[in-house]
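Chemist: predicted structure and sequence below. I'll ask about it afterward.
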Amino acid sequence: MISDAYRLKYTFGVDYGTSHVKFGPISLNEPRVAQTRGLFLRDLPESVKMRIPPEVLSRGLVVGDEEVRKYLSSVRDVQRNLKYPLRDGIARRDDEDAWRVLKELARYTLAQFPASDPEFRGWLISVALSALAPDYMYKSFFDIYAELASEFKIHAVTILPQPLAVAIAENAVNCIIVEGGHGNIQIAPISFALIREGLVALNRGGAEANAITREILKDIGYSDIAREEYAVEMVKRAVGLVPRNLREAIRTAKSNPERFVTKVRLSPVVEVEFPKEYAWTRFLIGEIVFDPNHEEIKSYIEQSRLHIENAVIGDVTLYGEMDVATAIVTSLRNVSVEIQDRVASQVILSGGAFSWRVPPGLEDVAVDSVARVKIALEEKNPVLASKVNVRLVSEPQYSVWRGAVIYGYALPLSLEWSDSTKEGWYFIK
């Protein structure tokens, strides 16, 4: 019999995001984080192979930020060998390299927490996946952990959708979760459980903010920096702004550009400056997440410098250009009228795509994510806007992991996994 005290030590959460994996046991205050990528050790010079540990070389693949950086410069064809396994939170069924990376990431996350307690009987692993994840991804992850059970003690595994994990972390029974990750934005109504009929997905997120940042950097003259995803991410975080109203923000920035000029130091020898003539573009970086339907953003799309389009995963359409407020209203319309009022009582924003700050002195034109969504809802549906409470989770990047470990702790061990309900524990035989 596994006690509650045991579960408080050995429930292990893993949030597989498109750009980052957050992982660790329930006892942590916050999870550890690694990029969702792997480096295949192909095309290595013999002089490099000699210096790589045999067990690493035999696997032919490394994951974990430090390990990837260690070998990155040794691989001749980085573009071919650096693999990001998830696109919009999904790994293709037939993408063997993607599944090799995901298995290695699963191994890596568990290896960071060796258990030496003689009472340790195995981890209770709670995995959070995209709400769009098809059935084969559930089966594949169960298979991965079953295979890893020969290396690590694993008692059982469960899987839950990321938006439900956020609701659990926030102790929200009735709400709409807007989970904005790197690959996509999931709008999910919750009434105790995920209402799948109301799930709306947008085919953009932090990646599109990165993409437009990259194009702006090229325009300013930093093409070399624009090639590095790490540098682009740093610039986006440092300079990106969410406008109260894009047209007014651009007008203000163009009439008084000195207020919006900024510099970002990326390293001791690299600094990026947004000069006066490009200062207004800072607002495009944040706005693209909320609403790409502006001529200033569409000009990048028309020049084929930016791609925002619909995509289909299984029977779900991911909308490229639908704005966040319209997506929230659309999601709510697919919920039973009888419970719409309860579900619409609060909209909870989560995920790195909604982590925006307002620099001091720019409050007249820039807002945070909560204010931007409130403004958009007031424009789309004033009645709904007057009733709903919009808020951001306290830890946007960690709320999914936190909900996953709470779920793993609370889910009864008497409940075996059901493919139809997608609930319960998959016990490792």
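Modeler: Perfect, I can see it now.
Chemist: give me every residue that touches residue 210.
Modeler: For residue 210, the contact set (Cβ atoms under 8 Å, 6 or more residues apart in numbering) comprises 229, 232, 233, 236. In this view, the C-beta of every residue, glycine as well, is placed from N, C-alpha and C.
Chemist: quick check: the farthest pair among these?
Modeler: Across those, the longest distance by Cβ to Cβ is 10.4 Å; it joins 229 and 236.
Chemist: please say which of these two ends up with more neighbours.
Modeler: Using other Cβ atoms under 10 Å as the criterion, residue 229 and residue 236 rank with residue 236 on top: 23 against 16.
Chemist: with adjacent residues omitted, what lies nearest to the more buried one?
Modeler: Distance criterion Cβ to Cβ, 6 or more residues apart in numbering; nearest residue to residue 236, sequence neighbours excluded, is residue 213 at 4.4 Å.
Chemist: could you pull out the helices for the stretch 51-200 of the chain?
Modeler: Along the stretch 51-200 of the chain, the segments classed as helices by DSSP state H, counting those that start in this stretch run 54-59, 65-72, 78-81, 96-111, 135-148, 162-169.
Chemist: list the buried residues in the last one.
Modeler: If you call a residue buried by 16 or more other Cβ atoms under 10 Å, then helix 162-169 has these buried ones: 162, 163, 164, 165, 166, 167, 168, 169.
Chemist: could you do the longest one as well?
Modeler: Within helix 96-111, the residues that qualify as buried are 98-110, counting by 16+ other Cβ under 10 Å.
Chemist: my read: residue 26 touches residue 5, true?
Modeler: No - counting by Cβ atoms under 8 Å, residue 5 is not a contact partner of residue 26; they are 11.6 Å apart.
Chemist: which one of those two is surrounded by more residues?
Modeler: Counted by other Cβ under 10 Å, residue 26 and residue 5 do not tie: residue 26 has more neighbours, with 20 against 9.
Chemist: what sits against that one?
Modeler: 7, 8, 9, 10, 11, 12, 13, 405, 406, 408, 409.
Chemist: what are the contacting residues of whichever strand or helix holds the second one?
Modeler: So the one you mean is residue 8. Counting by DSSP states H and E, the element that carries residue 8 is helix 4-10. The contact list for helix 4-10, computed with Cβ under 8 Å, 6+ apart, reads 25-27, 115, 117, 119-124, 408-409.
Chemist: columns pLDDT and distance to residue 273 on top of those, output as CSV?
Modeler: CSV is the format used below for the contacts of helix 4-10 (pLDDT from 0 to 100; distance: Cβ to Cβ, whole Å):
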residue, pLDDT, distance to residue 273
25, 97, 44
26, 97, 45
27, 95, 44
115, 90, 50
117, 89, 53
119, 89, 58
120, 93, 53
121, 92, 57
122, 95, 54
123, 97, 48
124, 97, 50
408, 97, 47
409, 97, 48
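Chemist: ok, now which ones touch residue 321?
Modeler: Each residue near residue 321 by Cβ under 8 Å, 6+ apart is listed here: 292, 293, 308.
Chemist: retrieve the pLDDT associated with it.
Modeler: The model reports residue 321 with a pLDDT of 94.
Chemist: go on, residue 226?
Modeler: pLDDT, residue 226: 92.
Chemist: can you report phi and psi for the spatially closest residue to it that is not a sequence neighbour?
Modeler: Counting by Cβ to Cβ, 6+ apart, residue 217 is the residue found nearest to residue 226 once chain neighbours are left out, at 4.2 Å. Dihedral pair for residue 217: phi -60, psi -40, per degrees, to the nearest 10.
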